[in-house]
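Peer 1: The sequence and its predicted three-dimensional model are supplied below.
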Amino acid sequence: MARSIIQSQLVTSGVVLLVSWIVVIVQPMSMQNPLFFGGIALVFAVTGAALLVPWTQENKRWAILLPLLDIVALGSLRASEPQLGTGLLLVFPVIWLARNFALPGAIGGVLMSTAVIWLTRTLSVDDLAISDFPSLVLIPVTLAFVATTSYVSGQRTASQRVLLTQQASIIEDAFARARRQENLLHEVLNAVEFGVIAFDSTGTPTLINDAHRASLASFNVPRNSLVHPVAYQPDRITPYPQDTRPFARALRGQPFDNLTFWVGEPGSRQVAYSVTSRRLQTPAGDDDGGVLVMRDVTAELEAISARDSLIGSVSHELRTPLTSILGYLELAMDDPELDEETRHMIEVSYRNAERLVALVTDLLLAASEASSTLPVTLESCDVTEIVEQAIDGQLPAASEREIVMDVALIPNLVAPADPLRMRQVIDNLLSNAIKYNRLGGKIKVRMRRREREVSISITDTGLGIAPADLAQLFDRFFRTESAKSSKTVGTGLGLGITRDIIRQHGGELTVTSELGTGSTFTITFPTELPVELLAEQSAPGPA
């Protein structure tokens, strides 16, 4: 406010000072005229007031007196020396009034300047002449035009000032929000337990959270280091080559998921990390660096190792008594004095003991390596007979729970399959249908044939499966909440193995279920050997 008033007044006083020096040089006698000298003195007095008065928002309305007094002073100069043309200097206070005091200032400035011009002319003793037209008419018109232009310009400037103020406020708020979000991001990233490294498009780190720094510090890695000096492969002994290490791959722009590596010298404390890499892009799609997220999975891997070790140990212990049982059953079947009924019961026991040995072997294979698959040998076999044998084997368990079997099969349906594995599939599905069924429930077994494929569905009236559990139903060692809450014992391996077997037959295992009503498991596989499986079957084995 004060600066604007002073600047406006200094423009007027500067021009008057210049005119005064010219008059002193060219026509020094004019300075002896009281009106001329008084006008100059009034201008400088007004300038002194503009400089000395502490202008504020409260007293700014009194500043209008300054340009009005300038108009009076310039009128005095014009009245004393009309030939100097000092009336043109009225444009400066008029501009001041129009820009700073809006429309009233513009109108008031023009009217007062016009009044001063006409008043000084009427005080002259000379009669009006055509030569007075420029000073009496053109100057007021010019002042009106200048005032209008200044007023419009001032309004536009004020609007732009308001707009800029609003935009500045918006930008400031945006910066404040960005700072808050940045602080929040840092707090969140420093609160989590997994390590985070972010870097820009040049590979320069832009963010390293506390968890990653703590990971480095726990192995006495120098503070200026970004990653652990050595990363070992899953065998915990072989180092990753420098160019295949996770951070090096991320810098090259390679995204990846759950890459596991170990840190720490072999034979000493080691920690496993699962690392994921993602690339970042600008809104325009340009590369903007990337981010690495590292999670400590040592406890999980050690738990899996302990679990597999336990399963392997138990399974091995089971094989010994099972082998003994098979041996004695063989001896019993060789007895020529056995009656037919007893021989039949021993044969059923022998077949089931054989299957139990096969299942223990599968358990060892499935639990030791998640990527391992069960050996499958396809041959042309009677699928109907396999299903009938599986149903006969499960009838005692079904009768014990008063479960009714409703069976509808296609007679003598021949398809390429592994008899042992297909029996394992049907046994597992029937066993689950019995175990998780209600007392006195029902099981429907249906076989259908469509062109080049056959489907076998097993429907129970049991607990059912919650929708949230369906996505993980075939995961190894997964058991549904309803299964856990029941008294039925299980490992969570059966369905995963069952699906793997069917997929190796070129088919698929699907499930539909309604919680509290029951479930339907359907296996579908081709009746003709698929080309890719045929190639696998004909491929020579290892030398």
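Peer 2: Received, thanks.
Peer 1: can you map out the strands along this structure?
Peer 2: For the chain, applying DSSP state E gives strands covering 195-199, 205-208, 256-263, 271-281, 287-296, 379-382, 404-408, 414-417, 442-450, 453-460, 508-514, 518-526.
Peer 1: Columns mean pLDDT and distance to residue 394 on top of the ones you listed, output as CSV?
Peer 2: Using the backbone N, CA and C atoms, a C-beta is placed for each residue, glycine as well. Compiled in CSV, the strands of the chain are given as follows (pLDDT from 0 to 100; distance: least, Cβ to Cβ, whole Å):
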stretch, mean pLDDT, distance to residue 394
strand 195-199, 90, 51
strand 205-208, 88, 59
strand 256-263, 90, 40
strand 271-281, 91, 42
strand 287-296, 90, 44
strand 379-382, 91, 19
strand 404-408, 93, 8
strand 414-417, 92, 19
strand 442-450, 93, 9
strand 453-460, 94, 11
strand 508-514, 91, 18
strand 518-526, 93, 14
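Peer 1: Could you point out which of those sits nearest residue 229?
Peer 2: Counting by Cβ to Cβ, residue 229 lies closest to strand 256-263 out of the strands of the chain; the figure is 8.7 Å.
Peer 1: Taking strand 271-281 as reference, get the angle to the closest one.
Peer 2: 140 degrees (axes from the mean of the first three to the mean of the last three Cα atoms, to 10 degrees).
Peer 1: could you give the angle of strand 256-263 to strand 287-296?
Peer 2: Using the same axes, to 10 degrees: strand 256-263 against strand 287-296 is 50 degrees.
Peer 1: If we go by neighbour counts, what in strand 256-263 is buried?
Peer 2: By 16 or more other Cβ atoms under 10 Å, the buried positions in strand 256-263 come out as 259, 261-263.
Peer 1: can you check stretch 440-455 too?
Peer 2: Under the neighbour-count criterion of 16+ other Cβ under 10 Å, stretch 440-455 has 441-447, 453-455 buried.
Peer 1: now, which of the residues you listed sits nearest residue 526?
Peer 2: residue 453 (5.1 Å).
Peer 1: and the nearest residue to that closest one once chain neighbours are set aside, how many neighbours does it have?
Peer 2: Leaving out its chain neighbours, the residue that sits closest to residue 453 by Cβ to Cβ, 6 or more residues apart in numbering is residue 526, at 5.1 Å. Using other Cβ atoms under 10 Å, residue 526 has 17 other residues around it.
Peer 1: so what's residue 526 up against?
Peer 2: Residues near residue 526 by Cβ atoms under 8 Å, 6 or more residues apart in numbering: 415-416, 452-454, 505-507.
Peer 1: For it, give its distance to residue 103.
Peer 2: Separation of residue 526 from residue 103 (Cβ to Cβ, to the nearest Å): 91 Å.
Peer 1: that older thread, out of the strands of the chain, which comes closest to residue 182?
Peer 2: strand 205-208 (9.9 Å).
Peer 1: Can you list the helices and strands that the closest one packs against?
Peer 2: Applying 3 or more Cβ pairs under 8 Å, 6 or more residues apart in numbering; DSSP states H and E, we find strand 205-208 packed against strand 195-199.
Peer 1: contacts for the strand it packs on?
Peer 2: Contacts for strand 195-199 (Cβ under 8 Å, 6+ apart): 189, 205-209, 211-212, 215, 226-227, 247, 250-251, 273, 280, 289-295.
Peer 1: List buried residues within those residues.
Peer 2: Here, 16+ other Cβ under 10 Å leaves 189, 207-209, 211-212, 215, 227, 247, 250-251, 273, 289-295 buried among these.
Peer 1: Might one say that residue 16 is in contact with residue 41?
Peer 2: No. Taking contacts as Cβ atoms under 8 Å, residue 16 lies outside contact range of residue 41: 10.4 Å.
Peer 1: what about the two, which has more around it?
Peer 2: Using other Cβ under 10 Å as the criterion, residue 16 and residue 41 rank with residue 16 on top: 24 against 13.
Peer 1: The nearest residue to residue 194 once chain neighbours are set aside: what's it in contact with?
Peer 2: Among residues not flanking residue 194 along the chain, residue 295 sits closest, at 4.3 Å (Cβ to Cβ, 6+ apart). Residue 295 makes contact with 193-195, 273-275, according to Cβ under 8 Å, 6+ apart.
Peer 1: I'd like those residues as TSV, with distance to residue 58 appended.
Peer 2: Converted to TSV, these look like this (distance: Cβ to Cβ, whole Å):
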residue	distance to residue 58
193	60
194	60
195	60
273	68
274	68
275	66
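Peer 1: Drop anything exposed from those.
Peer 2: 194-195, 273-275.
Peer 1: quick check: domain ranges of the protein?
Peer 2: 2-165, 193-296, 303-368, 379-538 (automatic domain parsing).
Peer 1: mind checking the end-to-end distance for the second one?
Peer 2: Read that as domain 193-296. 8 Å (Cα to Cα, to the nearest Å).
Peer 1: how distant is stretch 179-187 from the center of its chain?
Peer 2: 15 Å (Cα atoms, centre = their mean, to the nearest Å).
Peer 1: Can I get it as PDB, trimmed to CA atoms?
Peer 2: Extracted C-alpha coordinates of stretch 179-187, given in PDB (Å, rounded to 0.1, in the frame of the first residue of the first chain):
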ATOM      1  CA  ARG A 179       4.700 -32.600   1.900                       C
ATOM      2  CA  ARG A 180       2.100 -34.200   4.200                       C
ATOM      3  CA  GLN A 181       1.800 -37.200   1.800                       C
ATOM      4  CA  GLU A 182       5.600 -37.400   1.500                       C
ATOM      5  CA  ASN A 183       5.900 -37.400   5.300                       C
ATOM      6  CA  LEU A 184       3.100 -40.000   5.600                       C
ATOM      7  CA  LEU A 185       4.800 -42.200   3.000                       C
ATOM      8  CA  HIS A 186       8.100 -42.000   4.800                       C
ATOM      9  CA  GLU A 187       6.400 -42.800   8.100                       C
END
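Peer 1: pLDDT averaged over that stretch - what is it?
Peer 2: Mean per-residue pLDDT for stretch 179-187: 86.
Peer 1: which residues touch that stretch?
Peer 2: Contacts for stretch 179-187 (Cβ under 8 Å, 6+ apart): 207, 209.
Peer 1: lowest confidence element among the helices and strands of this structure?
Peer 2: Within the chain, no helix or strand scores below helix 531-538, which has a mean of 50 by mean pLDDT, DSSP states H and E.
Peer 1: ok, so what distance separates residue 213 from residue 409?
Peer 2: 66 Å.
Peer 1: Please apply the same query to residue 296.
Peer 2: In terms of Cβ to Cβ, residue 296 sits 53 Å off from residue 409.
Peer 1: what does residue 31 give?
Peer 2: The gap separating residue 31 from residue 409 is 131 Å, by Cβ to Cβ.
Peer 1: Name the residue in those two with the higher neighbour count.
Peer 2: The residue with more neighbours, out of residue 31 and residue 409, is residue 409; 17 against 12, by other Cβ under 10 Å.
Peer 1: Quick check: phi and psi on the more buried one?
Peer 2: Phi and psi for residue 409, reported as degrees, to the nearest 10, are phi -120, psi 160.
Peer 1: For it, which non-adjacent residue is spatially closest?
Peer 2: Using Cβ to Cβ, 6+ apart, the closest residue to residue 409 is residue 447 (4.7 Å).
Peer 1: With residue 59 instead?
Peer 2: According to Cβ to Cβ, 6+ apart, the nearest residue to residue 59 is residue 53 (7.5 Å).
Peer 1: residues near the one you found, how many?
Peer 2: Every residue meeting other Cβ under 10 Å relative to residue 53 is counted, giving 15.
Peer 1: Can you verify my assumption that residue 92 contacts residue 12?
Peer 2: Yes. Assessed by Cβ under 8 Å, residue 92 is found in contact with residue 12 at 4.5 Å.
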